[in-house]
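Engineer: Sequence first, predicted model second:
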Amino acid sequence: MSASSPEDASVRTTLQELRDLARMLGVSAWPPPAVVLFGLVSAALEAFAIALIVTLLFALMSQPIEDGLMGEVARATGRIAGGGWEGIALAVLLLVALKAGVAQLYTLLSIRYKNEINARTMAAAHARLVDMTYASLRARGQGDLLNTTASDSWQVANAAYLIARIAINLCMIAIFSVFIFALSWQIALMALAGGAAIALVGQLIARLARAHGVKVRAGIEALYTRLLAAVHGARLIRAFAQEEGEKQRVSRTVERLRRDALAAEATRALSGPINEIGYLALLIGLIAMAGILGLAQAATFTAIALLYRLAPQIRELEANRLMFASLYAPLHGVAELLRVRETRVSARGAALAPAPETIRFDNVTFQPPGAPEPVLSRVSFEIPVGRVTALLGPSGAGKTSVVNLLLRLYDPDEGAIWIGARPLEAIDPKSWLARVAAAGQDLDVIEGTVAENLRLGAPGATDAELRAAARAAQALSFIERLPRGFDTWIGSFGYNLSGGQRQRLSLARALLRKPKLLILDESTSAVESAVEAEILKSVVNAREDLTILLIAHRLNRAAHVDHVVRLEHGRVVAEGPWAPAHETHRPAEEGRA
């Protein structure tokens, strides 16, 4: 087999990914030295035990052992055991027990090593997922991210464990090979030639491992994507009576995954019977050749016994290599996630002034990743400090992009956003976001209790502060009617709450943060008009130093505003104090819920 064969290249590339991952995780890609040491000791003890078993058999049959290595073993054993078979049997039992103890130590060390790798990988993958920029996050599919963090990350530990197993396999093979060469070089050479032929057949199977591994990973990712769609779109699927269609789509995805997984498993399963038959034929051939060549019986029996114990190690080595090669796809997925460098890094030397300042958009142009054209084009307007500014416009006007820029989810492509006399990009994101809170249709509740959802932006808030924020958001009454009040579990995505209840929880969460800038992005679109007016009035009157940016379609939501900015097609078409004249700019889309 050449050094550049496809299967070796697959193992090398997988190993390179594991090395890169180990470096990023701060661990060694190789098993601890103690694991290798215990493997060597275990192999040596087993080889000695096999030699003693052959010596015991010859002693029981009262047959002398010829000269050579086995003769030396027999004489040394006779001196130690006193010449009787009982002493030899006891020595065999002691060696086997000692070998079992060493093997158990190896197992415990391997499990500890595997679990450490697994814990670090899971933590690092989740940390990278949280730290990466919103643009990087949106560029990857949800199914891909879920598969990488929840499934692929476990395979890193499996790959590390396989390396440990391969190290043990190599130790056993090395020790047994040395013993076999010492016993009979003729048998060793014949075994080497036969083993090489079997290995060549095994390599033909290994060529398919990496391709099948990539297909299976892609199938799992597709399945996760469909399952996420079924969860996120549960209401939509039922509203349009698409249950059967969704079942069929998932069934097709599962069927493709089943076929790919079956092909992968069938490929790996081939190596077992092929190796079994090959090594059995090799043993029979070695016994026949030993008889033809007239080799010493004790040495032949011991060498054959060692080869018999060596065969499972070689089979396991081939299986482990095959499995390791098939892990390239998941390891590559995790490595690609951890290699992402576009994270929200805090700016240096950019402390915010204690007092809130006016926010100014200065010729801002922004084109989201993947968008065919900019959604904001040379936009300039102000959000006066301590005032209520309404940002109005139809769907697609660019209002949500303004919010995303203020939340530092993206940065402008051109122009700048000024906070007083400093650009927003020069301010520490954490320092800035500590003063900002947002409530709106795209800010979901999380799975947990009502109190946990409210405290998401203010972990140290007291129960009294929770109640005050809920009261201001007109949410206290319905929270108190829940089975356990603030301790009620509201489920995944809050699907057991109405749209208006989720919006009021989102608003209460934002108010609890006590921000300097409050962004209300269609935050009351799902509640009744009368309740909506009360909520907005309560929010506006909450604090005198609060700057509010109110995103709306309909002008009646700006009843309490001081300043109006109107966007259309990504451009500012009107700005100034609120006046009835703004009605003349009202686009046809406004007024729809």
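Structural biologist: Looks like it arrived, so ask away.
Engineer: and Met132, what are its phi and psi?
Structural biologist: phi -70, psi 150 (degrees, to the nearest 10).
Engineer: Spatially nearest residue to it (excluding sequence neighbours)?
Structural biologist: Distance criterion Cβ to Cβ, 6 or more residues apart in numbering; nearest residue to Met132, sequence neighbours excluded, is Val340 at 5.1 Å. The way it works is simple: take the backbone N, C-alpha and C, and place the C-beta from them, glycine included.
Engineer: mind giving me the domain split of this protein?
Structural biologist: 17-223+266-339, 359-585 (automatic domain parsing).
Engineer: Let me have the ones you listed in a markdown table, adding mean pLDDT as columns.
Structural biologist: Supplementary listing: the domains of the chain in a markdown table, determined by pLDDT from 0 to 100:
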| stretch | mean pLDDT |
| --- | --- |
| domain 17-223+266-339 | 77 |
| domain 359-585 | 83 |
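Engineer: Ok, which of the ones you listed comes nearest Arg259?
Structural biologist: Counting by Cβ to Cβ, Arg259 lies closest to domain 17-223+266-339 out of those; the figure is 8.6 Å.
Engineer: what's the first-to-last distance across that closest one?
Structural biologist: 11 Å (Cα to Cα, to the nearest Å).
Engineer: what's the residue positioned nearest the centre of the chain in contact with, if anything?
Structural biologist: Geometric centre of the chain, nearest residue: Thr149, 1.5 Å, by Cα atoms, centre = their mean. Counting by Cβ atoms under 8 Å, 6 or more residues apart in numbering, Thr149 touches Met122, Ala125, His126, Leu129, Leu337.
Engineer: Would you mind naming the helix or strand containing Tyr224?
Structural biologist: Using DSSP states H and E, Tyr224 sits in helix 209-232.
Engineer: packing partners for that helix?
Structural biologist: Judged by 3 or more Cβ pairs under 8 Å, 6 or more residues apart in numbering; DSSP states H and E, the packing partners of helix 209-232 are helix 6-25, helix 142-147, helix 243-293, helix 297-326, helix 328-339.
Engineer: Just want the angle from the longest one to helix 209-232.
Structural biologist: With axes from the mean of the first three to the mean of the last three Cα atoms, to 10 degrees as the basis, helix 243-293 and helix 209-232 are set at 160 degrees to each other.
Engineer: Show me which of the contacts of Thr149 are buried.
Structural biologist: Among the contacts of Thr149, those scoring as buried are Met122, Ala125, Leu129, Leu337 (criterion: 16 or more other Cβ atoms under 10 Å).
Engineer: Just to check, the last one is in contact with His126?
Structural biologist: No: with contact defined as Cβ atoms under 8 Å, Leu337 does not reach His126; the gap is 10.1 Å.
Engineer: Could you report the neighbour count for Gly494?
Structural biologist: Gly494 has 20 neighbouring residues, counting by other Cβ atoms under 10 Å.
Engineer: ok, so what distance separates the residue nearest to the centre of the chain from Met122?
Structural biologist: 8 Å (Cβ to Cβ, to the nearest Å).
Engineer: Repeat that for Val178.
Structural biologist: In terms of Cβ to Cβ, Val178 sits 41 Å off from Met122.
Engineer: which residues of the stretch 351-500 of the chain fall in strands?
Structural biologist: Secondary structure of the stretch 351-500 of the chain (DSSP state E, counting those that start in this stretch): strands located at 359-366, 376-383, 388-392, 414-419, 422-423, 436-440.
Engineer: I'd like the helices and strands packed on helix 209-232 as CSV, with distance to Gly386 appended.
Structural biologist: Shown next, in CSV, are the helices and strands packed on helix 209-232 (distance: least, Cβ to Cβ, whole Å):
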stretch, distance to Gly386
helix 6-25, 46
helix 142-147, 40
helix 243-293, 50
helix 297-326, 62
helix 328-339, 43
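Engineer: right, and those - which one's nearest Val402?
Structural biologist: The nearest among the helices and strands packed on helix 209-232, by Cβ to Cβ, is helix 142-147 at 25.0 Å.
Engineer: and that closest one, which residues are buried?
Structural biologist: Here helix 142-147 shows Gly143, Asp144, Leu145, Leu146, Asn147 as buried, counting by 16+ other Cβ under 10 Å.
Engineer: wait, which of the residues you listed is closest to Trp30?
Structural biologist: Out of those, the member with the shortest distance to Trp30 (by Cβ to Cβ) is Asn147, at 27.3 Å.
Engineer: which other residues reach stretch 271-283?
Structural biologist: So stretch 271-283 is contacted by 191, 194-195, 197-198, 201-202, 205-206, 304, 307-308, 311, 314-315, 318-319, 322 (Cβ under 8 Å, 6+ apart).
Engineer: buried stuff in it?
Structural biologist: Ser271, Ile274, Asn275, Gly278, Tyr279, Leu282, Leu283.
Engineer: One more: stretch 246-265?
Structural biologist: Glu246, Val250, Thr253, Leu257, Asp260, Ala264.
Engineer: Farthest-apart pair in those residues, please.
Structural biologist: Top of the distance list for those (Cβ to Cβ): Glu246 and Ala264, 26.8 Å.
Engineer: mind giving me JSON lines with the buried residues of stretch 271-283 and columns for distance to Lys537?
Structural biologist: Formatted as JSON lines, the buried residues of stretch 271-283 follow (distance: Cβ to Cβ, whole Å):
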{"residue": "Ser271", "distance to Lys537": "74"}
{"residue": "Ile274", "distance to Lys537": "79"}
{"residue": "Asn275", "distance to Lys537": "79"}
{"residue": "Gly278", "distance to Lys537": "84"}
{"residue": "Tyr279", "distance to Lys537": "84"}
{"residue": "Leu282", "distance to Lys537": "88"}
{"residue": "Leu283", "distance to Lys537": "90"}
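Engineer: Mind giving me the packing neighbours of the helix or strand harbouring Ile180?
Structural biologist: Ile180 belongs to helix 153-183 when assigned by DSSP H and E. Helices and strands touching helix 153-183, as assessed by 3+ Cβ pairs under 8 Å, 6+ apart, comprise helix 6-25, helix 33-60, helix 69-81, helix 85-131, helix 185-206, helix 297-326, helix 328-339.
Engineer: before we move on, back to that, how far out from the middle of the chain is the helix holding Tyr224?
Structural biologist: Offset of helix 209-232 from its chain centre (Cα atoms, centre = their mean, to the nearest Å): 14 Å.
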